[in-house]
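> my questions concern the predicted model and sequence given below.
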Protein chains: 2
Amino acid sequence: MEQPSLVSCLESLIGRENVSAAPAVLEQHSRGESYDESVLPEAVVFPESSEQVLQVVRFAAENRLAVTPVGANSSLEGQTVPVRGGISLDLSRMSRIVEFRAQDLMITVQAGVTYPKINEHVRRSGLFFPVDPGAHASLGGMVGTNASGTGAVRYGVTRDYVLMLEVVLPSGEIVRVGNKARKSSSGYDLRSLFCGAEGTLGVVTEVTLRLVGLPESASAARVAFGDAGTATEYVVSLIQAGAPVARCELIDSRSVAAINAHLGSSFPEQMTVFLEFHGSPAGVAESVELAQHLAFDAGALDFQASADPGERERLWAARHSHFVATVAANPGLRNIVTDVAVPISALPDAVGHALAASEQVGLAAYLVGHVGDGNFHLALFYPGDDLAARNARDVAHSIVEHALSVGGTSTGEHGVGLRKLPYMEAEHGSALELMRGIKQLFDPQGIMNPGKKIPEVNRDPSLGAKRVESPSN
Amino acid sequence: MEQPSLVSCLESLIGRENVSAAPAVLEQHSRGESYDESVLPEAVVFPESSEQVLQVVRFAAENRLAVTPVGANSSLEGQTVPVRGGISLDLSRMSRIVEFRAQDLMITVQAGVTYPKINEHVRRSGLFFPVDPGAHASLGGMVGTNASGTGAVRYGVTRDYVLMLEVVLPSGEIVRVGNKARKSSSGYDLRSLFCGAEGTLGVVTEVTLRLVGLPESASAARVAFGDAGTATEYVVSLIQAGAPVARCELIDSRSVAAINAHLGSSFPEQMTVFLEFHGSPAGVAESVELAQHLAFDAGALDFQASADPGERERLWAARHSHFVATVAANPGLRNIVTDVAVPISALPDAVGHALAASEQVGLAAYLVGHVGDGNFHLALFYPGDDLAARNARDVAHSIVEHALSVGGTSTGEHGVGLRKLPYMEAEHGSALELMRGIKQLFDPQGIMNPGKKIPEVNRDPSLGAKRVESPSN
């Protein structure tokens, strides 16, 4: 199919204003964050309703065109790169709050709604949605990667909040999975199957979430350590002691420096554990006391707690700026962000291994992590030459291999995308065949976000790809 | 295949001591709890290892024999009735704790291990597994129905604790799904798919669970009300206020009387909400105060709190004896236990509707519920005559229809089994076709617990059934 005719077909389906093949728009949809490869789609659609998504998906199925769903385009593993060309399906115009039922602690939103928008909408009801992956992620994308963030150690991940999903299937129909009760043992758990499927089984168009009550009281703390080893040992002791932390983040001195430079802040540039506690005023005070006690037992250099809301907000805004701050500190460089998670007792070794591996090849590495979950990231920056790129990939590879060797996972929250495909065989063994079967069942033509999540055995050559030059970051 | 030859084949596979076709053993495995239908299996196997389960499943697949997994046989919806005869696979001898990793808050057990055994094993480490469906359920069965219990309002359901599963597939292989990290976005979520699959996709042989810290402090409370309406309105106000309840159970006066008669206890025979709070001493005290304040606002007749461990234990032992106590109070009668869950704001209406429906036909109904989740049960007792049986079924039907009409589910925690099959179409709509596809993918011959969970379209007539007379309960 020629490009002009594809665009005009799509225009006649969902209106001229919702279709684009302008070079800048194609270029924008050719890449994600933190992933080098870029491929131009043939057209980008901006549907405004589930019905329009359905029209596009039906059209794509009839014409065997790849469909790549895009939300805020903040995923880090290449999920939104349209490697087989076709249609990029941008859900950013599906940004309507469909229904907020405060009395049921429940909200339904279109897939393009971002999580900060939800929290803004519900705050006056004393409720919140506690999953905060950063980057103003959209709910469709968060469901796609089963995103989490700083609150996961207490509040869990996106999957834990999804009550219902509306999904447009590649078979050309709309299904609703789940229900409005807080628990159910009915049918197979298709909700969980779509959570983390990265758009490879269908397009999530509407999400119903449960919400939780805003904590009555909260305190944050900064705990400084001399090195990563003592800091991670502290985190392990906190988790093993059952301390009711709401957030538990590790951030290294180089990252703090980058954040200070980017935000103009003045956090002490040390290996730091950021903590937060939620609960009743007395409960929070007790937790802070326990955390402080354990901190000095573990050899902390400093422990600073604050219940001041402004100060807490600045602390977490700083934490959430980590990625942009490190990018800003390394102009012209490319980056890889690793994302393994390991059993909590294996955390100190895993972090130590990661830091040593990057040091060995002289890479600028920035450590940050949701360490209460055993999940940490190393942002590796490198120049565009082949040797540096290979070094960065080798370090990232070695971090994953280590995590898998201790029973962990190649991705704690960013998903598989393109980058983690090589690890699926080792991580899932014979279960991978079941996953391939599920992909085949839901999407026999392989049009939904092809080439991602599950390594393909027999790639259908009729789904084409237009490879473009990979521009520098 | 003739029965003697089936038994001898099985004996040669896994040893004489692990196979039985003794009439009493067949009879024991012909029925579950609270479900009238009973069908004899042709043989019962008691494997002691995953390897033996594999041998039995391979043999069954080769010979197209039905395999019905059985744990503690305490499921309530007919899950263990071998409706197509064949082999009942009793996992009770797989009762080994495989590995306890206190430092990772993690335990791996064989599927026949019961949850009280886990809690006994880990208690000295200050940890516990908070899912308590009662009836000394086995972990395999709990995974099968995605069981929950009194702690779900705070701690969630079985699925929320499953890190890894070992499953014997009907294709004759063993797969491991999941990993030992606390979160992951790798691959499709097969863990969640097996949770709640009721043995229809494979036999769960080993379960790795995450554990949580025992609360530092706990208090229980009994709140008495004049009727179900005010009691449920109170529960709604508690949940909407975000009160950090760990347990929130409603139990009617008739149920309290049955428990008193059964246990010799002397709880006031009133419509009662049982509460529990977990946390720090100060946090718990604050929660009790909030709950008491809201209780009198809602018109409570009485509020009695206690932090005494012995008293708390008696309270929850009483709550957990509900089913046996009501059975004991109704000798010779049959029973149906309903299990709907609804959005929390719909709870008062749903409970009111259920009580009115049973009153209308003069049935002895006992109300109990995990009302903090919007999940409640009505245990309906009736004599064996046709009219009474029809009345009981009509009431149960009407309760499900009402729940579905408000966006709820036909089963909050007991699963589908045989009894909820008629509601799957209405509850899941076109998603049911995807579920059928998944069943077909995992179990193309349909040997795994056939006839349960998902209504079959084309039943394979070559999988036989031997129907026996339904003895009275």
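That came in fine, so what should we check first?
> residue A:448 reaches residue A:194, doesn't it?
No - using CB atoms under 8 Å, residue A:448 makes no contact with residue A:194, being 11.3 Å away. Any C-beta I mention is one placed from the backbone N, CA and C, and that applies to glycine too.
> which neighbours do those two share?
The overlap between the contact sets of residue A:448 and residue A:194 (CB atoms under 8 Å, 6 or more residues apart in numbering or on different chains) consists of A:201-202.
> stretch A:430-447: which residues count as buried?
A:431-432, A:434-439, A:442-443, A:445-447 (16 or more other CB atoms under 10 Å in any protein chain shown).
> near chain B too, which of those residues?
Restricting these to those within reach of chain B (CB under 8 Å from any CB of the partner chain) leaves A:431-432, A:434-435, A:437-439, A:442.
> now tell me what touches stretch A:123-134 from outside.
Contact with stretch A:123-134 is made by A:74, A:100, A:102, A:105, A:107, A:115, A:118-119, A:122, A:142, A:147-152, A:154-158, A:161, A:209, A:211-214, A:320, A:322-323, A:413, B:242, as judged by CB under 8 Å, 6+ apart.
> in helices, which of those residues fall?
A:115, A:118-119, A:122, A:142, A:152, A:154-155, A:320, A:322-323 (DSSP state H).
> which of the residues you listed tops the neighbour count?
Most neighbours among these, by other CB atoms under 10 Å in any protein chain shown: residue A:142, with 33 neighbours.
> now the closest residue to residue A:457 other than its chain neighbours: which helix or strand?
Of all residues not flanking residue A:457 in the chain, residue A:436 sits nearest, at 6.8 Å (CB to CB, 6 or more residues apart in numbering or on different chains). Assigning secondary structure by DSSP states H and E places residue A:436 in helix A:431-442.
> which elements pack onto that helix?
helix A:424-428, strand B:174-178, helix B:190-194, helix B:431-442 (3 or more CB pairs under 8 Å, 6 or more residues apart in numbering or on different chains; DSSP states H and E).
> now do it: distance to the chain's middle.
Its chain's average C-alpha position is 23 Å from that of helix A:431-442, according to CA atoms, centre = their mean, to the nearest Å.
> buried residues in the worst-scoring helix or strand of chain A on mean pLDDT, which are they?
Scoring the helices and strands of chain A by mean pLDDT, DSSP states H and E places helix A:3-14 at the bottom, with a mean of 88. Neighbour-count burial for helix A:3-14, counted by 16+ other CB under 10 Å, picks out A:6-7, A:10-11, A:13-14.
> what is it packed up against?
Helix A:3-14 packs on strand A:19-20, strand A:43-45, helix A:50-63, going by 3+ CB pairs under 8 Å, 6+ apart.
> any chance of these in TSV, plus mean pLDDT, distance to chain B and mean neighbour count?
As requested, those are arranged in TSV below (pLDDT from 0 to 100; distance: least, CB to the nearest CB, whole Å; neighbours: other CB atoms under 10 Å in any protein chain shown):
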stretch	mean pLDDT	distance to chain B	mean neighbour count
strand A:19-20	98	28	22
strand A:43-45	98	24	26
helix A:50-63	98	13	19
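> adding distance to residue A:37, write those out as TSV.
Below are the helices and strands packed on helix A:3-14 laid out as TSV (distance: least, CB to CB, whole Å):
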stretch	distance to residue A:37
strand A:19-20	22
strand A:43-45	18
helix A:50-63	22
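> closest one to residue A:175 among these?
Residue A:175 lies closest, by CB to CB, to one member of these: helix A:50-63, at 11.0 Å.
> now the angle from that closest one to strand A:174-178?
120 degrees (axes from the mean of the first three to the mean of the last three CA atoms, to 10 degrees).
> immediately after helix A:50-63, which helix or strand?
strand A:67-70.
> how many other residues sit next to residue A:356?
When neighbours are defined as other CB under 10 Å, residue A:356 has 12 of them.
> try residue A:308
Residue A:308: 11 surrounding residues under other CB under 10 Å.
> how close does it sit to residue A:210?
Distance, residue A:308 to residue A:210, by CB to CB, to the nearest Å: 30 Å.
> hang on, the earlier thing: just the closest of the buried residues of helix A:3-14 to residue B:223, please.
Minimum distance to residue B:223 across these is 55.0 Å, recorded for residue A:14 (CB to CB).
> thought residue A:160 was touching residue B:160?
Yes - between residue A:160 and residue B:160 a contact is recorded at 7.0 Å, counting by CB under 8 Å.
> ok, which residues in the stretch 351-473 of chain A are in contact with chain B?
Residues of the stretch 351-473 of chain A lying near chain B (CB under 8 Å from any CB): A:373-375, A:403, A:406-416, A:420, A:423-424, A:427-432, A:434-435, A:437-439, A:441-442, A:453-454.
> switch to 6 Å and redo it
Contact residues, the stretch 351-473 of chain A versus chain B (CB under 6 Å from any CB of the partner chain): A:373-374, A:407-413, A:415, A:427-428, A:430-431, A:435, A:437-438, A:441.
> do the same with the stretch 51-200 of chain A
Taking CB under 6 Å from any CB as the contact definition, the stretch 51-200 of chain A meets chain B at A:103-104, A:145-146, A:157, A:175, A:177, A:179-190, A:192-193, A:196.
> contacts only, for the closest residue to residue A:184 other than its chain neighbours.
Nearest residue to residue A:184, sequence neighbours excluded (CB to CB, 6+ apart): residue B:409, at 3.9 Å. Taking CB atoms under 6 Å, 6 or more residues apart in numbering or on different chains, we find residue B:409 in contact with A:179, A:181, A:184, A:186, B:341.
> residue contacts, the fourth one?
If I follow you right, that is residue A:186. B:409-411, B:427.
> where does it land on pLDDT?
Looking at residue A:186, its pLDDT is 98.
> look up which helix or strand it falls in, please.
Using DSSP H and E, residue A:186 maps to neither a helix nor a strand.
> what does the third one give?
Here residue A:184 sits in a region with no helix or strand, counting by DSSP H and E.
> from residue B:369, how far out is it?
15 Å.
> neighbours of residue A:86, how many?
Neighbour number of residue A:86 under other CB under 10 Å is 27.
> could you say which helix or strand holds the nearest residue to residue A:299 once chain neighbours are set aside?
In this structure, residue A:299 finds its nearest non-sequential neighbour in residue A:230, 4.7 Å apart by CB to CB, 6+ apart. Secondary structure assigned from DSSP H and E places residue A:230 in helix A:228-240.
> gap between the two ends of stretch A:43-51?
End-to-end distance for stretch A:43-51, by CA to CA, to the nearest Å: 19 Å.
> list of residues touching that stretch?
Contact with stretch A:43-51 is made by A:6-7, A:10, A:14, A:18-21, A:25, A:29, A:53, A:56, A:87-90, A:93, A:205, as judged by CB under 6 Å, 6+ apart.
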